[in-house]
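[1] task: produce atomic coordinates for the following.
(chains A, B, C and D)
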There are 4 protein chains.
Amino acid sequence: MNKIHEECGVFGVYAKEKTTVASTTYYGLFALQHRGQESCGIVVNDDGVFQYHKDGGLVNDVFTPQVMQKLGEGNMALGHVRYGTTAASGNQRLDAQPMVINHIKGRMAVAHNGSIINSFELRQELELEGSIFHTTSDTEVISYIITKERLKAHSIEEAVNGAMGRIKGAYSLIVMSASKMIAARDPHGFHPLCYGVTPEGNYIIASETCALDAVGASFVRDILPGEIVIFDGDEIRTIQDHCGEEKQSTCIFEYIYFSRPDSVVDGKSVHAARVNAGACLALEHPVQADVVIGVPDSGLDAAIGYARQSGIPYGMGFIKNKYIGRTFIAPGQKAREDKVRIKLNVVSETVKGKRVVLVDDSIVRGTTSARIVKLLRDAGATEVHMRSSAPPFLYPCYYGTDVDSQKSLIAVNHTMDEIKDIIGVDSIGFLNLDHLGMLIGVPKCEGYCSACFDGQYPTEVPTQKYDTKFERKLSERGE
Amino acid sequence: MNKIHEECGVFGVYAKEKTTVASTTYYGLFALQHRGQESCGIVVNDDGVFQYHKDGGLVNDVFTPQVMQKLGEGNMALGHVRYGTTAASGNQRLDAQPMVINHIKGRMAVAHNGSIINSFELRQELELEGSIFHTTSDTEVISYIITKERLKAHSIEEAVNGAMGRIKGAYSLIVMSASKMIAARDPHGFHPLCYGVTPEGNYIIASETCALDAVGASFVRDILPGEIVIFDGDEIRTIQDHCGEEKQSTCIFEYIYFSRPDSVVDGKSVHAARVNAGACLALEHPVQADVVIGVPDSGLDAAIGYARQSGIPYGMGFIKNKYIGRTFIAPGQKAREDKVRIKLNVVSETVKGKRVVLVDDSIVRGTTSARIVKLLRDAGATEVHMRSSAPPFLYPCYYGTDVDSQKSLIAVNHTMDEIKDIIGVDSIGFLNLDHLGMLIGVPKCEGYCSACFDGQYPTEVPTQKYDTKFERKLSERGE
Amino acid sequence: MNKIHEECGVFGVYAKEKTTVASTTYYGLFALQHRGQESCGIVVNDDGVFQYHKDGGLVNDVFTPQVMQKLGEGNMALGHVRYGTTAASGNQRLDAQPMVINHIKGRMAVAHNGSIINSFELRQELELEGSIFHTTSDTEVISYIITKERLKAHSIEEAVNGAMGRIKGAYSLIVMSASKMIAARDPHGFHPLCYGVTPEGNYIIASETCALDAVGASFVRDILPGEIVIFDGDEIRTIQDHCGEEKQSTCIFEYIYFSRPDSVVDGKSVHAARVNAGACLALEHPVQADVVIGVPDSGLDAAIGYARQSGIPYGMGFIKNKYIGRTFIAPGQKAREDKVRIKLNVVSETVKGKRVVLVDDSIVRGTTSARIVKLLRDAGATEVHMRSSAPPFLYPCYYGTDVDSQKSLIAVNHTMDEIKDIIGVDSIGFLNLDHLGMLIGVPKCEGYCSACFDGQYPTEVPTQKYDTKFERKLSERGE
Amino acid sequence: MNKIHEECGVFGVYAKEKTTVASTTYYGLFALQHRGQESCGIVVNDDGVFQYHKDGGLVNDVFTPQVMQKLGEGNMALGHVRYGTTAASGNQRLDAQPMVINHIKGRMAVAHNGSIINSFELRQELELEGSIFHTTSDTEVISYIITKERLKAHSIEEAVNGAMGRIKGAYSLIVMSASKMIAARDPHGFHPLCYGVTPEGNYIIASETCALDAVGASFVRDILPGEIVIFDGDEIRTIQDHCGEEKQSTCIFEYIYFSRPDSVVDGKSVHAARVNAGACLALEHPVQADVVIGVPDSGLDAAIGYARQSGIPYGMGFIKNKYIGRTFIAPGQKAREDKVRIKLNVVSETVKGKRVVLVDDSIVRGTTSARIVKLLRDAGATEVHMRSSAPPFLYPCYYGTDVDSQKSLIAVNHTMDEIKDIIGVDSIGFLNLDHLGMLIGVPKCEGYCSACFDGQYPTEVPTQKYDTKFERKLSERGE
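    Modelled structure (predicted):
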């Protein structure tokens, strides 16, 4: 429904012995499903023999009991969920991760969350040597670079370390070889990555802590920006050559929208950050009103924060249909309008005759917000005051999220007054950029990336890039 | 997850001309999905020609774009969602409704929500005349009785009127003939039934108002207990011969759990009833605490009510995984435990080091509650005080819901102190039976059925009955 | 491809003890698949508890391993394959057999091959008493009549015996009650029905002997026209009250096309009958030619007979694609033309520069024949002489096959010369009606029905009938 | 059923303008299905934009109407059917062809039939440079070699020409670039490859002529051993640098079993070759008998030849179930025995009391033959004389077929007398190796490869190889 999309979630299991690692990964991916709904995959490693399955679809559609049975048991498994394009199914499948490849020293599976800014250059360099590419994804470039490094390195972890010197940008990476599991996070620490341990002593690596909870594992610690953690035999080793190489710049939008509220990212609760955002909004944009409601699900936390700070009662403004899946939209219907009404319904009791504060996590194009506001007015709300717990989106993101081209961003093209009129509200308020740091208790948001709001990119920005979303017409090359 | 189940939802469209009635019904059923997740069906009536599709599964799995295309357009459509048994798929399909039958005067489709208490007697009477039955459902008995009445009546509505004199119990019924749509509600008015009108002037009949909202229809009115409303050509007629025949006794549990909070049943908001229940609980069972949380989704409304009344802050205690569908449960897993953890995760930030009031809509067996309480304690809650917005279940229901046999009801077998220990809480409080009427502002709950709590049945109770849940071994009859 | 269709095949297992009766039935139906490709069903009877599954599709698509597992084991099973209409999937499923119904004395499953000529009258009579019908199939009428008889009878077999006095027409029937399996064949013996025994001592009832072979059973004997055979406990009983009531009139087209060549019907080999037909054609319609070829698969036997009698070498004229299933026909294609070419390809080597005798089992509309002849000419055949091992179709069939309306039958509307020109052959020859008896060595075809060729119906013909192929618009009744 | 398997079939369309190339490819692959039943794929090229779909399964299961719609139209298309392993579904999909890759000069799709004998060496060389491999298939090696050559070449066809100097073994190849379609056949001409033209002037490239027939194309000519044919704009060009480089050695088993009888390979009819084989057998191994029958489908042609030469009547000995697909084999069954009985049934009429000559195309392990002979004896055959139109298999094949390891070949381990006893026949006769040339009218079989029978390999044999059938445990490499 017109949201910014995260591109991936990764999950790995490193077990002491052969066990049901595939189903552990299934549950882990299921908990990370919000990070990617287009395709998913699981690779099971049974003492060096890889079995895998990847396809377009949600985790519980792709991984049927039959597929799970085929995957069998193993001592390691690697999984991935991906937000992708609406490409032909063949392409969708190939682009599904983890990527499994063979190289001179063996076999590896790679799962990646993020976006490489020098992938175009690296790819061109590889292609000039005669390399072939099956996909347009950064993951294949990463796999190549690791393989090239492996030629000179003594181990796969050294190769990963070497590769980290060459690939620039955002990557939370898990590499599974025949015998080792390796987690790596880029020196900026753009996206989260952590590990935990189960009561049985098996290690779990995941994009978010909510996936550790889902499989009954206890959180151990976050992978540091620039760190490589190696799970090998009984030991856990770390390589920190790239730590401190760059100033940390974790994506602040992970707290505002991407991560699940029950996750703790780099030691800070996502739910708490959102409640704080709501409180800030109440301080910045106070209003006389009767009830505070949130847009389910991602606006609810901030609505609670706004209500607490303002003293205006918190209410349940909407019921979200909980059976939403691949809901069929009849061709004859006025599609967009119905889509909102089918997913959300107003609880009239809450808003009828009331002055309503409506809190959402962010406003991208404004079209969905306008529809929701209309639903509230139809249900009898006398005033609607919109509050967004994200500042206005003004700049593109190059680190693994799909902030639309600037053309479609409402805040790029309109003044606050215009936005208020487009959405149809009595007042509007976005979180003040200067207060972003209050979400996580860090002055000036130091150590976090807020480039999509302020244009302050922590890296060079790519000049050119293989588009992972809309396949470039490769025929332009001549053949 | 261990809840009381409603058995059905019904939905009908009566259009002025041939249009996309199938997709309207699709969206209507999708909004009523909470009333039945086992099977569903749609019958499209194109000027007397019926096309239909029924199968086990959720609405958006059963009704694929291909199926919708086959159903085509029509001037009327009838739909049904059903909570049923885990019978063999063949049986599930046959038992799926609407039921389509041919009789001497034509063809009809019947969709039914409720349970007939004299179905055993009626069926025996019919069988003694040599009638055959394809299913064990009450709907087939109803269809037969209407057909028998039709032999003497002048119209299908008269036949329905006649049948209402013979069938006893709970029924919210929609009958679609070649040219008419007929809605009927039993004289007790056990379950809801209402109708509305779309901007195009088409009529919508539905179990709940939330389905009217989903298809953009305005609520017109509830069908009265004992009333028959006929949609025929341009007119809407009503037969009220059976109105007032019985004392109204609408199911109070529709407000507590069955209906969606955004629905308005017989003029009263379901959400408001639940918020009221929470407020009553705060008055009845006050406690010193730091935060009030609800069990998603059905405990959230009452939690808001408890928080408002008590002044204890409302918090978000859990994140519910929103991709829950037919989640695969690995055979090697400790199934029940995982099932709770996979669906719900605690927001530690909210409960860590806090005294928590945990509000749920009801407690049936107590096993799920115990699991949830354990999750809270593991997350650091220092005290957990459980509050149930339903009184304790003590008696079976004969009117279309599946309250478990008394054996498994925790309140039948245990004292409050025992329940407290089983669930593992510091205190427990159920809504006081005497205060039930406060939910809907009616002294002594007059006009509502609360037999599952107090054993005061508004009808005779059936001596014997074809079991619709566990197929009776018919071989006992001899053949 | 433009053929006359048989409407059904039936198969039953009566085992000494609980065993894999479902898979035995699966293999039996698989061998009978040629008798019906539209839908199929299996009912497993485990000591009176029925589990069943029915759906549109081929046996090996409908009965997946998961479905088979759900069906489980039992001591009896009943199966059915059906040729039906292209109705909406809902209807197709309901019309799928066996039909499972409950009546006053218990439960039964009914599988039927044939067509009842007085079903309209019986149905009207039943409807006037207020009976309801879920389907438009004769099987439901038969079930009702048996149930009505059961009210006065002492046993299910007596009820079947009574019903046989009331239902007229063609029926090869298997009725499975909680404890008995009953096979019955109409007094004319229109369609085949036989039984056999497995090495384990389990009884198998089937439409054709090829199904006994497929499950490793030995043929015991054919059910006699008018006979009822009861499998009950350790004994096999027979009721022969209706034997001899009518003059036997087995469908001669079972030998020409319907039955599989490896089956033996009423003591006569189907393959031998077809080879004989080819020999007759060689005697009746001799021609100077270089090679005799058959249209696969059903024209091959007669081609062998023609070649042997004439001394002209038998050749392989066509290769039939053996992966034919639900082949996708692209919308943009010249559909009919491609359909023939995709299924059949000429072996040029066999026909190039040759005078070809082309043998097919029958010619219905002539359009497919014309396409095939064109393929031969394109491949270089210098002359094509068509021979049909069936006489020309001139009359409708009322006994369970779907001979098209007379309008589309080529022989009704055209002279032999015209047919020759339409099909594009150098000469044409149909089997002479007077020689039909030579197929099975019976003078004047005494005891066989050849009404589709000669209009001599062995029964009264129905005045009116519920159309089982194209659903009558029931709204004509008024409601 | 225990046969030697061909590994692939290829099919390409080069159209003058945008049209339904996907459905043409569908029908072409459907006609080539006998060359590979495990997986299939189609790539549509719409002016340089590739859409593709590949999956495990038969053509008419994988290519549903929805998939066909997604593939859309284009001006070129490339398709492939593959016989593969029972690997995990993920692997099966990835290994499915055509392979689509991107390289420095653009994009290409590659479809390949055959087997490269120096693929291990080429792969090792590539891996030492740091290349990564997604599959273990030769096609990826071929793609790489072409890409490497492309770095120095001026065009894709030159790159293919260069690659042909480096890859050794059997390959019938189609390469599709953004703007060209290129067909290439190895210098030995191991497997067939030809092209034709449709009435609309579109070019079709296919493994066998039967696929040209299926899409209504006329045969133009075979691609020569060592030739490259380029379809580019309006012209068709040829590069013949590698022609004559090696002595032609077309696989003789293409005539005996692999190709469809209606195909013409290198100017010789497959059907005629088989009839000739039957005639040879009659001359080499005469016997007094009453009937000659073939094992369907591949033994029928030779049976006709044996019958003609011997004067013993040809008969129809078996009916093969024509609905065979992915038939469910019940776990509780004696699997192998049933499998034969379910697929084949004896026509007793043909063999009862007769001395039977049984002709099959070849005998691999002998187990299926023994089962078939038992069926004949059970049906009353008094004598069974087995004749194989292939000589005994004695050596492994390295050119793209899966002749079993020598261990399981019956002729390697047993004398003729032992084979006779194992199979249970009265006499046995294999085609004499010295007479192989008579099949295609070539003395001493000059220009054909019969290495599986005589061990005379036309190339060096590989010392080591990535196993394409059973994935080598790559962990042996260390990682």
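[2] separation between residue A:449 and chain B?
    23 Å (C-beta to the nearest C-beta, to the nearest Å). The way it works is simple: take the backbone N, C-alpha and C, and place the C-beta from them, glycine included.
[3] where does the stretch 51-200 of chain A get nearest to chain C, which residue?
    Using C-beta to the nearest C-beta, residue A:66 is the residue of the stretch 51-200 of chain A that sits closest to chain C, at 8.1 Å.
[4] against residue A:25, how distant is that residue?
    Here residue A:66 is placed at a distance of 17 Å from residue A:25 (C-beta to C-beta, to the nearest Å).
[5] pLDDT-wise, which helix or strand of chain A ranks last?
    Lowest on mean pLDDT, DSSP states H and E among the helices and strands of chain A sits helix A:89-95, with a mean of 55.
[6] just give the closest residue to residue A:214, not the sequence neighbours.
    Of all residues not flanking residue A:214 in the chain, residue A:31 sits nearest, at 3.7 Å (C-beta to C-beta, 6 or more residues apart in numbering or on different chains).
[7] kindly apply the preceding question to residue A:156 instead.
    residue A:177 (4.8 Å).
[8] which ones are touching the one you found?
    A:106, A:107, A:108, A:156, D:479 (C-beta atoms under 8 Å, 6 or more residues apart in numbering or on different chains).
[9] quick check on it: phi, psi?
    phi -100, psi -180 (degrees, to the nearest 10).
[10] could you do residue A:244 as well?
    phi 80, psi 0.
[11] need the helices for the stretch 351-479 of chain A, in chain order.
    Taking DSSP state H, counting those that start in this stretch as the test, the helices found in the stretch 351-479 of chain A are A:367-378, A:410-413, A:416-423, A:451-454.
[12] make a markdown table from those helices and add mean pLDDT, distance to residue B:413 and mean neighbour count to it.
    Output for these, formatted as a markdown table (pLDDT from 0 to 100; distance: least, C-beta to C-beta, whole Å; neighbours: other C-beta atoms under 10 Å in any protein chain shown):
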| stretch | mean pLDDT | distance to residue B:413 | mean neighbour count |
| --- | --- | --- | --- |
| helix A:367-378 | 95 | 46 | 20 |
| helix A:410-413 | 92 | 59 | 17 |
| helix A:416-423 | 97 | 55 | 16 |
| helix A:451-454 | 94 | 58 | 21 |
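[13] residue D:19: which of these is closest?
    helix A:367-378 (38.7 Å; C-beta to C-beta).
[14] kindly report the residues of the stretch 251-400 of chain A close to chain B.
    Contacts of the stretch 251-400 of chain A with chain B, taken as C-beta under 8 Å from any C-beta of the partner chain, map to A:260-262, A:264, A:269, A:271-272, A:297, A:300-301, A:304, A:307-308, A:313-316, A:318-319, A:321-328, A:330, A:332-333, A:338, A:341-342, A:345-350.
[15] tell me how many other residues crowd residue A:66.
    Look at residue A:66: counted by other C-beta atoms under 10 Å in any protein chain shown, it has 12 neighbours.
[16] and it, that one's in a helix?
    Yes - assessed with DSSP: H, G, I helix; E, B strand; the rest coil, residue A:66 lies in a helix.
[17] now do it, the pLDDT please.
    Per-residue pLDDT puts residue A:66 at 83.
[18] need the strands for the stretch 151-300 of chain A, in chain order.
    A:169-177, A:180-185, A:194-197, A:203-206, A:218-222, A:228-232, A:235-239, A:250-251, A:264-265, A:268-269, A:291-294 (DSSP state E, counting those that start in this stretch).
[19] what about the residue of the stretch 51-200 of chain A closest to chain C, distance to residue C:64?
    Applying C-beta to C-beta, the value for residue A:66 to residue C:64 is 10 Å.
[20] go on, residue A:446?
    The gap separating residue A:446 from residue C:64 is 59 Å, by C-beta to C-beta.
[21] who has more neighbours, the two?
    Taking other C-beta under 10 Å, residue A:446 and residue C:64 do not tie; residue C:64 has more neighbours (14 against 10).
[22] which residues of the stretch 51-200 of chain A fall in helices?
    Here the stretch 51-200 of chain A has its helices, by DSSP H, counting those that start in this stretch, at A:59-62, A:65-71, A:89-95, A:119-128, A:138-152, A:156-164.
[23] same for the second one, what does it pack against?
    Okay, so that is helix A:65-71. Here helix A:65-71 touches helix A:21-31, strand A:49-56, going by 3 or more C-beta pairs under 8 Å, 6 or more residues apart in numbering or on different chains; DSSP states H and E.
[24] which stretches of chain A have low pLDDT?
    A:1-6, A:84-94, A:325-337, A:403-405, A:463-479 (pLDDT under 70).
[25] now with 80?
    A:1-7, A:84-95, A:324-339, A:402-407, A:462-479 (pLDDT under 80).
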